[in-house]
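[1] Sequence and predicted structure, then a few things I'm wondering about:
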Amino acid sequence: MPGLVLLFGLTIVLLANFKTRFRTGLQLRAIGLMASLLLLLSTVVGCGTGATALGNGSAVAGKGSGGGSGTGGSGSTKTATSISSLTVNPSSVVAGSSASATVTLNAPAPPPGGAQVTLTSSNAAVASVPGSVTFAAGQIYVNFAVATGNVSSDTSVLISASYNNTTASVLLSVQAPGTPTPPTPISISIHPSSASLVAGASQQFTATVTGSTNTSVSWTATGGNISNTGLFTAPNVSASTIVSVIATSQANPSVATTAQVTVTPASTPPPPGGGSYSGSGPVASWNAYLVLGPDNRYHQGIEIYNSHGAYPVIGYSYVGPGCTNLGDTFNDYWQPIGNGVWAFLNQPNLVYVQWVWYNNATDRQILQQTPCIDYSGAPIYQ
């Protein structure tokens, strides 16, 4: 508006000057020129109020008489146009287990319907995914599960997510299950693994079981008798015979071990009232006597001399001739004894006795043994 006032002021001054100097056509030409200048100025200034932009994405529009006009901008919120990332955790799994995957958009899903992202797997038999996941309006990321199947060897699978002509992918490694460790096999060892006995003699066997917490065994023999604890008594034989002693695992009855026992015929016992009551062997010499005990009765005894050392010497007394039907045992505690006179202190009526020398109480290897002695005719120890 101030520009318009100035323009009219200048025009009046010019007209006054021209009126004084020119009275003719020059005055008209000046008027025309001033009119053109006035029109040009009104076009530039606009002779009105144009648009004035305001903050916060709004505008106020106006229009003046000179035709000036303006428009303000409008505010907007960014929405998703592409996939930002695709991740899987863990990146390596054992076949048959699952992993968790996350797909993320570059901005919130647009309203009102959100966004749908397509999922694919390069090998659905090994790693399968849903066909798609849906983002609600304003949602940026979505989790989904990846299920795995069986594989015979380690396999990598490419998982992909697609949206609005954009795709993100990630590799998932599916590992073949490891071969289970086979259980430790059960084994049995017998001690001693072999033995030589005369008919009627006894041998203690022991069994060691490995590979199982159940170390119990069942004992059997192809001849003679054997107890639940592994004490074997050789059968009566007329010729040398091989007998098998068998220990079978109670944890796995298909596992068993065998020890071989060579059984030889027993010597003919001396006749009642007489015969030979002395002998010698690899470790000692001996004499059989009836020894008067504190009960004022005679008992089966043995004198040991020339012994190479102290050994567990066990006396087995029997009811029947030929040392059959075991009735009692001397030195049950397997105490080593050497030179001297040793005798039973009970059941003097069991007159058939066999004495056996062992190497020790643990291994129980037979070193020497007497024939079956009939003490009914043995000499009296003086």
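    Nice, thanks for sending it over. Numbers count the residues shown, from 1 in each chain.
[2] Could you say which helix or strand holds the residue positioned nearest the centre of the chain?
    For the chain, the residue lying nearest the average C-alpha position, counting by Cα atoms, centre = their mean, turns out to be Pro180 (8.6 Å). Secondary-structure element containing Pro180, defined by DSSP states H and E: none, the residue being outside all helices and strands.
[3] Please report the distance of it from Gly211.
    Computed as Cβ to Cβ, to the nearest Å, the Pro180 to Gly211 distance reads 16 Å. Using the backbone N, CA and C atoms, a C-beta is placed for each residue, glycine as well.
[4] So for Pro265, what's the pLDDT?
    As predicted, Pro265 sits at a pLDDT of 85.
[5] Would you check that it makes contact with Val237?
    Yes: at 5.6 Å, Pro265 counts as touching Val237 under the criterion of Cβ atoms under 8 Å.
[6] If you count surrounding residues, which of those two has more?
    The neighbour comparison of Pro265 against Val237 (other Cβ atoms under 10 Å) goes to Val237, with 18 against 15.
[7] Could you list the low-pLDDT ranges of this protein?
    When the per-residue scores of the chain are filtered using pLDDT under 70, the ranges that remain are 1-76, 179, 181, 267-275, 346.
[8] domain parsing for it?
    With domains defined by automatic domain parsing, the chain comprises 1-42, 83-175, 187-264, 278-377.
[9] OK, contacts around the closest residue to Ser82 other than its chain neighbours?
    Leaving aside its chain neighbours, Ser82 sits nearest to Thr166 (3.8 Å; criterion: Cβ to Cβ, 6 or more residues apart in numbering). Thr166 is in contact with 81-83, counting by Cβ atoms under 8 Å, 6 or more residues apart in numbering.
[10] what do you get for Gly327?
    317-319, 347, 350.
[11] doesn't it fall inside a strand?
    Yes: according to DSSP: H, G, I helix; E, B strand; the rest coil, the state of Gly327 is that of a strand.
[12] what's the closest non-adjacent residue to it?
    Nearest non-adjacent residue to Gly327, counting by Cβ to Cβ, 6+ apart: Leu350, 4.5 Å away.
[13] And the one you found, how far from Ala99?
    When Cβ to Cβ is applied, the distance between Leu350 and Ala99 equals 81 Å.
[14] If the residue nearest to Ser82 is in a bridge, with which residues?
    Here Thr166 shows beta-bridge partners Tyr163, assigned using DSSP bridges.
[15] Adjust the sequence numbering to begin at 666 for everything that follows.
    Will do, 666 is the new start, and the previous item becomes Thr831.
[16] how near is it to Tyr806?
    The value you get for Thr831 to Tyr806, if Cβ to Cβ is used, is 15 Å.
[17] just Ile967 next, same as before
    Here Ile967 is placed at a distance of 96 Å from Tyr806 (Cβ to Cβ).
[18] Next: Arg1029.
    Applying Cβ to Cβ, one obtains 78 Å for the distance of Arg1029 from Tyr806.
[19] out of these two, which sits in the more crowded spot?
    Arg1029 (22 against 14).
[20] surely that one meets Ser867?
    No: Arg1029 sits out of contact with Ser867 when judged by Cβ under 8 Å, with a separation of 9.4 Å.
[21] Ends of stretch 786-797, what's the gap?
    The separation between the terminal residues of stretch 786-797, taken as Cα to Cα, to the nearest Å, is 11 Å.
[22] Now find how far off-centre it is within its chain.
    Averaged C-alpha coordinates place stretch 786-797 at 29 Å from its chain's average position (Cα atoms, centre = their mean, to the nearest Å).
[23] What residues of that stretch count as buried?
    Taking 16 or more other Cβ atoms under 10 Å as the neighbour-count basis, stretch 786-797 is seen to contain the buried residues 786, 788, 791-794.
[24] Give me the subset of those lying in strands.
    Secondary structure of these is defined by DSSP state E; positions in strands are 786, 792-793.
[25] Quick one: closest of the domains of the chain to Thr742.
    Taking Cβ to Cβ as the criterion, Thr742 comes closest to domain 748-840 out of the domains of the chain, the separation being 8.1 Å.
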